[in-house]
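J.: Here's my sequence, what's the structure:
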Amino acid sequence: MFCLESAAVLLGMPIFGEPRDVHLLDVGGTTWRQGDVLVHGSSDARDISTIEGHAVTSITDTTVDLCRVLPPASALALADAAARRLAIGGTLPVADMGRSQANRRGVRRLDWVQERTNALAESPGESLSRAVIEWLGYEAPELQVEFSYEGHRDRTDFYWRRQRVLGEADGYGKYDAADVEAAKLHFIREKQREDRLRRYEGGFVRWDWGDAMQWRRLDRKLAAAGLVPVRSREPAMLATLSQNPRSV
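T.: Now for the predicted structure:
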């Protein structure tokens, strides 16, 4: 059956970069490679899903397997996405599942992910940003907070209530560049929304995936919006943003 990144692709889960290998699982078998096909032997059983005739590890098992080996921020993004797909209100028990298996790899990573998984994060960019915000030492923001001003209901990705600062992690995929008029209307409405929120709240900060990956850029933007770190920076964790060794 397909597993790891190969299963994630078939399941419609996020991946991070172009995977180096095609991953297959052989429960009870051994690990071996032929070219870019990597067969993983495992003694741990998996739940199986079928996608267009292909056997794949389930969303939950795929998430646990990948969270063991992905960089922490990518693992968190995958777990958030799985929690959304599975409509789990709380956290996804990746560490509990991982500890029930014979495979002991990455158990501490699973603990870290389980403590932070949140289905309210609506995109991999938001999940990545949550990790970077923590590692930069800033207070954890509230997610998807709604505001009612001037007859409108507006929602923001991030809200630091104590400082009254709002944040948006922009994802350009939500803009239909092929429809110029629709894109123009979207940006007009977005500007009106931002101005409305600025009138009643405090700072407003926007960033994109590149800002989060190049964390110094995000740090500068958060500071400019009026946020102040509340704990020490975590350089070792920030260093994990540099690359995904599982991708080309």
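J.: what residues are up against residue 195?
T.: Residues near residue 195 by CB atoms under 8 Å, 6 or more residues apart in numbering: none. Using the backbone N, CA and C atoms, a C-beta is placed for each residue, glycine as well.
J.: So for it, what's the pLDDT?
T.: Note on residue 195: pLDDT of 71.
J.: before we move on, what about the one 5 residues further on?
T.: On the pLDDT scale, residue 200 is placed at 71.
J.: Wait, it touches residue 148, no?
T.: No: the pair residue 200 / residue 148 is not scored as a contact, 9.7 Å apart, by CB atoms under 8 Å.
J.: And the two? Which one has more around it.
T.: residue 200 (12 against 9; other CB atoms under 10 Å).
J.: separation between that one and residue 225?
T.: Distance of residue 200 to residue 225, computed by CB to CB, to the nearest Å: 16 Å.
J.: try residue 38
T.: From residue 38 to residue 225 the distance is 44 Å (CB to CB).
J.: With residue 13 instead?
T.: Distance from residue 13 to residue 225, by CB to CB: 32 Å.
J.: what's near enough to touch the spatially most central residue of the chain?
T.: Nearest residue to the geometric centre of the chain (CA atoms, centre = their mean): residue 77, 1.8 Å. Taking CB under 8 Å, 6+ apart, we find residue 77 in contact with 14, 16, 121, 124, 127-128.
J.: In which helix or strand does it reside?
T.: Following DSSP states H and E, one finds residue 77 within helix 72-85.
J.: Tell me the helix or strand right after the helix or strand of the chain with the lowest mean pLDDT.
T.: Lowest by mean pLDDT, DSSP states H and E among the helices and strands of the chain is helix 180-200, with a mean of 72. Using DSSP H and E, the helix or strand that follows helix 180-200 in sequence is strand 204-207.
J.: Who does that following strand pair with, and is each partner parallel or antiparallel?
T.: strand 165-169 (parallel) (DSSP bridges).
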